[in-house]
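[1] please find the sequence and the predicted model below.
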Protein chains: 2
Amino acid sequence: MQNFEYCTPTRLIFGKGVIEKLPEVLGGIGKKVLLTYGGGSIKKIGLYDKVLQLLDGFEITELPGIQPNPKYDPSVLDGVRLCKENGIEVILSVGGGSVLDCSKAIAAGACYDGDPWDLISYKVKARKALPIVDVLTLAATGSEYDCGGVISRTETNDKIGYIDPLLFPVASFLDPCYTFSVSKKQTAAGIADAMNHILEQYFCEDATLMNDGFCEAGIKSLMVNGRACLDNPEDYTARAEMMFVCTLACNNIMSLGNSDSGWPMHGIEHALSGYYDITHGEGLAIITPRWMQHILSERTLPRFVKYGVNVFGIDSGLDGWAIAKEAIDRTYAFYESIGIPMHLRDVGIGEERLSEMAHHIAANEGLDSAYVPLSEEDILSILRASL
Amino acid sequence: MQNFEYCTPTRLIFGKGVIEKLPEVLGGIGKKVLLTYGGGSIKKIGLYDKVLQLLDGFEITELPGIQPNPKYDPSVLDGVRLCKENGIEVILSVGGGSVLDCSKAIAAGACYDGDPWDLISYKVKARKALPIVDVLTLAATGSEYDCGGVISRTETNDKIGYIDPLLFPVASFLDPCYTFSVSKKQTAAGIADAMNHILEQYFCEDATLMNDGFCEAGIKSLMVNGRACLDNPEDYTARAEMMFVCTLACNNIMSLGNSDSGWPMHGIEHALSGYYDITHGEGLAIITPRWMQHILSERTLPRFVKYGVNVFGIDSGLDGWAIAKEAIDRTYAFYESIGIPMHLRDVGIGEERLSEMAHHIAANEGLDSAYVPLSEEDILSILRASL
């Protein structure tokens, strides 16, 4: 078991109707609020009006239009400017993981005099950040319970995971009802995103018995409850459990004491969505079974056997290689069954830039020290298999 | 799934040698330290000297001699007095759960002008508490990651679980090596304590798929790693995993969104150790299978079947009642196999005061609203079966 430090100070406020506590929670922090949101879905479900009604008496500045794979320019830069111009005291992120990720970068940038990219690119360590409160409308990224955000800079194809303990939300409001209207495509991508977060932690050199069981339970829950959400988008129990599994899946709590795997599938996917702006969860789902196939070896076989037996209930009496193969096939089949396009060409990515991406990933993602080290050739091979 | 709020701000600093960070962590809080500890085992293992050496330059006041089932008088009262007399800024608890529980009550009492019992008995709500840092030497209670402590007041046979979010430790230092010298008796009691914490959360009206898997993994890990600790007290990996499971087991993280079970076995055990000062973990182990037998019914059967199949690997094809019976028998057999005395008479408790205790429990522990409601007669029946 490895040494570790862990601290997540975020207050989770979970369940039906919890939004009513928003004024009390926000009021304890500040009155000058930057309200960040995305393309307007929060208006369609009435959440925008509800928030404004609850925050009567607060001074609200709005930053709308934050996109999936949130952009440094204009969203982060605009947000930082608005915070400085308006003396913002707290950021209220209402939306999914992209809005929250962007809000985190804004929170740090607003307390820094230089170019915010200095912080995101780790050239400078932030000394402070504005407090963040979020109201989540999408179960997927786990940003509501971690201190990281992924920011894209289009002109350089950079997609950086910006992580700093200053960026934990003060409070996250998690009402599963706000996810009822999430489309099948986005629900499936959220399932895949969270499943992959758990798989990145599960496939490592050593893992504790408890962590393995916790991860296996999380994956099984996502499969069962995720499918139930797709079958009946207003199934409260399924939406609730899916939302909470997603919340824990990116927080490290499922792998404390395990060796760091290096999160190789994310390393690869960040280039895909950095270059092509595809949906992150879909990119992960496409990469996952190809990565699994690529790293399967005598050394990794016991992990795959455990995964196959405990997650899919494959007969433990079978040959190990057969169990591993079936586990990978079933992973692929699950993603396909929830409607995820399972080839890069299905999401508009062809052969053209695979070599360039493989080179970029090998140069930037540190995957030579991952659970199974990946060279540029390995990465290219995984990308080719994903076409 | 139930609404919930959850926030655990404690920083966990886990692993071999982490004590070296103590001056840095403590120095960020204050220089005037109340050092609390128990009967002197920290001197035997060299930890006392190590702490004093690391804290050269700090102003240290000592409160030694805190007993298991820590006492309001003299420990809490002495600690509060020392804090006030010496302008203490931070409490450093070095020891097991009892020392830490006592330190929590002191932390609240030190910031209150009246009788500290007002706080512990919930007559008055604490407004602030001194910050607490702990160095743990026993894997058992989980006090290092929760905001509660159990305090006994001998003259009234009161044993109260005093809970307040102000009482989360700021930081918990968890070095498994400090548990190498824990006796077989205390190691076994720690296993039973943590197993029971999980069982109290697992046996409830509704539970999420993820929580069930998390709890089952925790129990299985305690059985496997606990036994390994008994077989080889210096097995680092086993001590480490046992320590971390214990840390998570009393924090609610394993049952967020589940219905509250009311923690009935703790309700009963608190009277046993309140009246007789027995080891808490042993009391819980004795009560557990008798409580299980008592509440087994058509309604609770599915829970027992899940427990039996997933924790003990009992064949799911068997009759449900047979699975439940075997699960209860195996629970008993596990406790017995790790050397726990499994009858009240083995720990010095006879028939004499059972009725009085049953009355006290029924009057004070609110078990009429537990997962399976327990009347005074039910409680007496469970106590009698435990003789």
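    Looks like it came in fine.

[2] just the pLDDT for the residue in the stretch 51-200 of chain A positioned nearest to chain B.
    At 7.8 Å from chain B, A:Pro176 is the closest residue in the stretch 51-200 of chain A, using C-beta to the nearest C-beta. C-beta coordinates here come from the backbone N, C-alpha and C atoms, glycine included. For A:Pro176, the model assigns a pLDDT of 98.

[3] kindly report the same for A:Asn69.
    88.

[4] residues contacting it?
    Residues near A:Asn69 by C-beta atoms under 8 Å, 6 or more residues apart in numbering or on different chains: A:Ser98, A:Val150, A:Ser152, A:Lys159, A:Ser273, A:Gly274, A:Asp277, A:His280.

[5] greatest separation within the residues you listed: which pair is it?
    A:Ser98 and A:Gly274 (13.8 Å; C-beta to C-beta).

[6] who has more neighbours, those two?
    A:Ser98 (27 against 24; other C-beta atoms under 10 Å in any protein chain shown).

[7] quick one: the more buried one from A:Gly257, how far?
    A:Ser98 sits 31 Å away from A:Gly257, going by C-beta to C-beta, to the nearest Å.

[8] just A:Val76 next, same as before
    34 Å.

[9] and the two? Which one has more around it.
    The neighbour count for A:Val76 versus A:Gly257, taken as other C-beta under 10 Å, is higher for A:Val76 (30 against 21).

[10] hmm, A:Ser316 is touching A:Tyr307, no?
    No - with contact defined as C-beta atoms under 8 Å, A:Ser316 does not reach A:Tyr307; the gap is 11.8 Å.

[11] the more surrounded of these two?
    A:Tyr307 (25 against 12).

[12] tell me which parts of the stretch 251-387 of chain A are close to chain B?
    Contact residues, the stretch 251-387 of chain A versus chain B (C-beta under 8 Å from any C-beta of the partner chain): A:Ile253, A:Leu256, A:Gly257.

[13] where do the helices sit along the stretch 201-350 of chain A?
    A:209-231, A:236-249, A:264-276, A:280-295, A:301-312, A:320-337 (DSSP state H, counting those that start in this stretch).

[14] so which of these gets nearest B:Leu199?
    Of the helices of the stretch 201-350 of chain A, nearest to B:Leu199 by C-beta to C-beta is helix A:209-231, at 15.1 Å.

[15] which parts of that closest one are buried?
    A:209-223, A:225-230 (16 or more other C-beta atoms under 10 Å in any protein chain shown).

[16] where does pLDDT dip in chain A?
    Residues of chain A meeting the criterion pLDDT under 70: none.

[17] let's go with 90 and repeat that
    Filtered on pLDDT under 90, chain A yields the residue ranges A:40, A:69, A:154-160, A:273-274, A:277.

[18] out of the helices of the stretch 201-350 of chain A, which is closest to B:Cys7?
    B:Cys7 lies closest to helix A:236-249 among these, at 13.0 Å (C-beta to C-beta).

[19] now check that closest one, is it near chain B?
    Yes - Helix A:236-249 is in contact with chain B by C-beta under 8 Å from any C-beta, via A:Tyr236, A:Thr237, A:Ala240, A:Glu241, A:Phe244, A:Val245, A:Leu248.

[20] my guess is the first one meets A:Gly17, correct?
    No - under the criterion of C-beta under 8 Å, A:Tyr236 makes no contact with A:Gly17, lying 11.7 Å away.

[21] these two: which has the busier surroundings?
    Neighbour totals were compared for A:Tyr236 and A:Gly17, and A:Tyr236 leads with 15 against 9 (other C-beta under 10 Å).

[22] dump the residue contacts of the nearest residue in space to that one that is not next to it in sequence.
    Residue nearest to A:Tyr236 in three dimensions, not counting chain neighbours: A:Pro176, with 6.0 Å by C-beta to C-beta, 6 or more residues apart in numbering or on different chains. Contact partners of A:Pro176, counting by C-beta under 8 Å, 6+ apart, are A:Gly15, A:Lys16, A:Ala139, A:Tyr236, A:Arg239, A:Ala240, A:Met242, A:Met243, B:Met1.

[23] contacting residues around stretch A:311-329?
    Contact with stretch A:311-329 is made by A:216, A:219-220, A:289, A:292-293, A:296, A:301-302, A:304-305, A:307-309, A:330, as judged by C-beta under 8 Å, 6+ apart.

[24] those residues, buried ones only, as a ChimeraX selection?
    The ChimeraX selection below is limited to those of those classed as buried (16+ other C-beta under 10 Å):
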select /A:216,219,220,289,292,293,296,304,305,307,308,309,330
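
[25] gap between the nearest residue to A:Gln293 once chain neighbours are set aside and A:Ile295?
    Nearest residue to A:Gln293, sequence neighbours excluded (C-beta to C-beta, 6+ apart): A:Ile328, at 5.7 Å. Using C-beta to C-beta, one gets 10 Å for the distance from A:Ile328 to A:Ile295.

[26] can you narrow the buried residues of helix A:209-231 to ones near chain B?
    Under the cut-off given by C-beta under 8 Å from any C-beta, chain B has A:Leu209, A:Met210, A:Asn211, A:Asp212, A:Gly213, A:Phe214, A:Glu216, A:Ala217, A:Gly218, A:Lys220, A:Ser221, A:Asn225 from the buried residues of helix A:209-231 close to it.

[27] which one of those residues is nearest B:Ala370?
    For these, the nearest to B:Ala370 is A:Ala217 (25.0 Å; C-beta to C-beta).

[28] show me where the stretch 101-250 of chain A has strands.
    For the stretch 101-250 of chain A, the strands defined by DSSP state E, counting those that start in this stretch occupy A:132-136, A:148-153, A:158-163, A:171-174.

[29] need the winner for burial among the ones you listed.
    Each of these was scored by mean neighbour count; the highest is strand A:132-136, a mean of 28, by mean count of other C-beta atoms under 10 Å in any protein chain shown.

[30] quick one: residues contacting the closest residue to chain B within the stretch 251-387 of chain A.
    Nearest residue of the stretch 251-387 of chain A to chain B: A:Gly257, at 6.1 Å (C-beta to the nearest C-beta). A:Gly257 is in contact with A:Met1, A:Gln2, A:Phe4, A:Thr208, A:Asn211, B:Phe14, B:Ala240, B:Glu241, B:Phe244, counting by C-beta under 8 Å, 6+ apart.

[31] what's around the first one, how many residues?
    Yep, that's A:Met1 we're talking about. By the criterion of other C-beta under 10 Å, A:Met1 has 23 neighbours.

[32] doesn't B:Glu241 make contact with it?
    Yes - when contacts are counted by C-beta under 8 Å, A:Met1 is listed as touching B:Glu241 (6.0 Å).
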